[in-house]
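# Need a 3D model of the sequence below.
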Amino acid sequence: MNPHEEPGESALESCRAAESRIREAQRFLLTARKDDIERSMDELSQIAAILESLISGGPASLSPAMAPSLQRIQRTARDLLLQIGHATNLWQGWLQRKLGAGYTERGQPVFVECNRAGSYEA
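Next up, the predicted model:
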């Protein structure tokens, strides 16, 4: 720790870094490009590591100054959950529309099996 750094200051900086990263992850998920999705997954993995590191220090390592940042992280994470859920539903609906053959008695979609070998007729 830097001698000029207040106790908990590096934890606050880590918290703010996690907050910045989660906004980046959210931004990456606005597009459906594979590389952006992978970058978002990388960001989310790093956020998890930062937050794990913060809580590993126990309650003494957390400061009240971190609360607003942690609340913003929590809010953004909830937004991401909704965003990912909507994207999943859209994708599943598209698959059902294109490849669906109806529903089971329990309401689960049934998909048409694709011929993997393919047919090369002239």
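
# What segments of this structure are helices?
Secondary structure of the chain by DSSP state H: the helices cover 9-28, 34-56, 67-99.

# helices and strands around the shortest one, which ones?
Read it as helix 9-28. Helix 9-28 is packed against helix 34-56, helix 67-99, with contacts defined by 3 or more Cβ pairs under 8 Å, 6 or more residues apart in numbering; DSSP states H and E. The C-beta positions use only the backbone N, C-alpha and C, and glycine is treated the same way.

# can you check the second one too?
Here helix 34-56 is seen to pack against helix 9-28 when contacts are counted using 3+ Cβ pairs under 8 Å, 6+ apart.

# ok, back up a step: ok, which of the helices and strands packed on helix 9-28 comes nearest G107?
Distance to G107, taken as Cβ to Cβ, is lowest for helix 67-99 among the helices and strands packed on helix 9-28, at 11.5 Å.

# and of the helices and strands packed on helix 9-28, who's closest to C15?
Closest of the helices and strands packed on helix 9-28 to C15 is helix 67-99, at 4.6 Å (criterion: Cβ to Cβ).

# What are the buried residues along that closest one?
Of all the residues in helix 67-99, those buried under the rule 16 or more other Cβ atoms under 10 Å are 69, 72-73, 76, 80.

# would you turn the helices and strands packed on helix 9-28 into a markdown table with distance to S14 and mean pLDDT?
A markdown table is the format used below for those (distance: least, Cβ to Cβ, whole Å; pLDDT from 0 to 100):
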| stretch | distance to S14 | mean pLDDT |
| --- | --- | --- |
| helix 34-56 | 5 | 92 |
| helix 67-99 | 10 | 89 |
